[in-house]
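K.L.:
sequence and computational prediction follow.
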Amino acid sequence: MFKNKSSDGWNNICGKNVSVLRQAQTPWMSQRALAERLQLMGIDVDKNAIQRIECGKRFVTDIELRALASIFGVSCDELVSIDMK
């Protein structure tokens with residue numbers, strides 16, 4: 001059976017950028033704080049989901065991608081950019 005993964009085995013291409021952007025926030029934003037902000041936007045995720053997104057073990061829906069981009073003030077294209085690291 002075919003599995004949807006990137007060439008490096010990740011289930012998403014934005015996880016590394018989510019981690020970089022989250023940790024670059026001033027003041028620093030925890031995974032729990034990011035999950036809470038997403039919950040306020042109506043996205044049902046918890047701290048563990050954020051952790052799985054950041055380490056590439058969880059798929060990210062387009063709705064979640066748009067909400068993450070909004071929180072970090074970047075475009076969806078920037079969030080999935082490989083050059084952001």
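P.N.:
Looks like it arrived, so ask away.
K.L.:
tell me which stretches of the chain form helices.
P.N.:
Applying DSSP state H to the chain gives helices spanning 15-24, 31-40, 47-54, 62-72, 76-79.
K.L.:
list the residues that contact the residue nearest the centre of the chain.
P.N.:
With distances taken as Cα atoms, centre = their mean, the residue of the chain nearest its centroid is Val18 (4.2 Å). Going by Cβ atoms under 8 Å, 6 or more residues apart in numbering, Val18 touches Leu34, Ile50, Ile53, Glu54, Leu68, Phe72, Leu79. Any C-beta I mention is one placed from the backbone N, CA and C, and that applies to glycine too.
K.L.:
now for these: which two are most distant?
P.N.:
Ile50 and Leu79 (14.0 Å; Cβ to Cβ).
K.L.:
the more surrounded of the two?
P.N.:
A direct count of neighbours by other Cβ atoms under 10 Å for Ile50 and Leu79 places Ile50 higher, at 23 against 20.
K.L.:
any low-confidence regions in the protein?
P.N.:
Within the chain, the stretches with pLDDT under 70 are 1-3, 6, 83-85.
K.L.:
ok, back up a step: same list (the helices of the chain) but as TSV, adding distance to Gly9.
P.N.:
Below are these laid out as TSV (distance: least, Cβ to Cβ, whole Å):
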stretch	distance to Gly9
helix 15-24	12
helix 31-40	22
helix 47-54	14
helix 62-72	20
helix 76-79	20
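K.L.:
for these, which one sits closest to Asp8?
P.N.:
With respect to Asp8, and counting by Cβ to Cβ, the nearest of the helices of the chain is helix 15-24 at 9.7 Å.
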